[in-house]
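> One predicted model, sequence on top.
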Amino acid sequence: MKKKIITVVSVILAAVVLFAAYKVFLAPKGTEGSKQVTVQIVIEKENIDETFTYKTDHEFLTDLLKEKQDELGASFESFDFGTMITGLMNYSVDPNSEYFHFQVNGEDSMVGTDDTPIQDGDSYKFVLSTF
């Protein structure tokens with residue numbers, strides 16, 4: 001019985017250490033200071049292709065999008081895994097068949113906007129897509 005308790009505690013401790021190591025060494029880091037970035041929103045079925053240029057001190061993209069929420073016509077939903085963009089340019093996605101495909105500098109993003117650090121000169125593109 002004592003062996004099982006020690007094993008469970010060891011596994012939990014290892015998980016905590018690995019999570020802390022990820023946060024310290026591997027998680028994306030934001031850049032402090034003023035940056036200029038471009039946000040493009042494409043919703044073909046509504047004939048929307050808008051580009052916005054912003055100067056910001058935010059370190060992560062979600063913070064910038066929430067600050068400019070009114071101008072971008074953005075809506076969000078928070079989940080345990082992060083923030084999901086549910087609308088842009090006052091267009092709300094159909095959660096059963098649509099989503100906003102997200103690119104950074106022309107390449108598909110490997111993380112969500114919560115974990116996307118803002119870098120000076122970056123461009124972010126959101127394209128309404130179906131699945």
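Thanks, I have it. Residues are numbered from 1 along each chain as shown.
> Touching stretch 45-56 from outside, list them.
34-43, 64, 67-68, 71-72, 89, 91, 118, 128 (C-beta atoms under 8 Å, 6 or more residues apart in numbering). From N, CA and C alone the C-beta is placed, and that goes for glycine too.
> What about those residues, which are in strands?
Lys35, Gln36, Val37, Thr38, Val39, Gln40, Ile41, Val42, Ile43, Tyr91, Leu128 (DSSP state E).
> which of those are buried?
Lys35, Val37, Val39, Ile41, Val42, Ile43, Tyr91, Leu128 (16 or more other C-beta atoms under 10 Å).
> What residue spans form the domains of the protein?
Split into domains by automatic domain parsing, the chain comes to 1-29, 35-130.
> Put the alpha carbons of the longest helix along the chain into PDB.
The longest helix of the chain (DSSP state H) is helix 2-21. This file holds the C-alpha atoms of helix 2-21, laid out as PDB (Å, rounded to 0.1, in the frame of the first residue of the first chain):
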ATOM      1  CA  LYS A   2       2.800   2.400   0.900                       C
ATOM      2  CA  LYS A   3       4.500   1.600  -2.400                       C
ATOM      3  CA  LYS A   4       1.400   2.700  -4.400                       C
ATOM      4  CA  ILE A   5       1.100   6.000  -2.500                       C
ATOM      5  CA  ILE A   6       4.800   6.700  -3.200                       C
ATOM      6  CA  THR A   7       4.300   5.900  -6.900                       C
ATOM      7  CA  VAL A   8       1.300   8.100  -7.200                       C
ATOM      8  CA  VAL A   9       3.000  11.000  -5.500                       C
ATOM      9  CA  SER A  10       6.100  10.500  -7.700                       C
ATOM     10  CA  VAL A  11       4.000  10.600 -10.900                       C
ATOM     11  CA  ILE A  12       2.100  13.700  -9.800                       C
ATOM     12  CA  LEU A  13       5.400  15.400  -8.800                       C
ATOM     13  CA  ALA A  14       7.000  14.500 -12.200                       C
ATOM     14  CA  ALA A  15       4.000  15.900 -14.000                       C
ATOM     15  CA  VAL A  16       4.200  19.200 -12.100                       C
ATOM     16  CA  VAL A  17       8.000  19.400 -12.800                       C
ATOM     17  CA  LEU A  18       7.500  18.700 -16.500                       C
ATOM     18  CA  PHE A  19       4.700  21.400 -16.700                       C
ATOM     19  CA  ALA A  20       6.900  23.900 -14.900                       C
ATOM     20  CA  ALA A  21       9.800  23.100 -17.200                       C
END
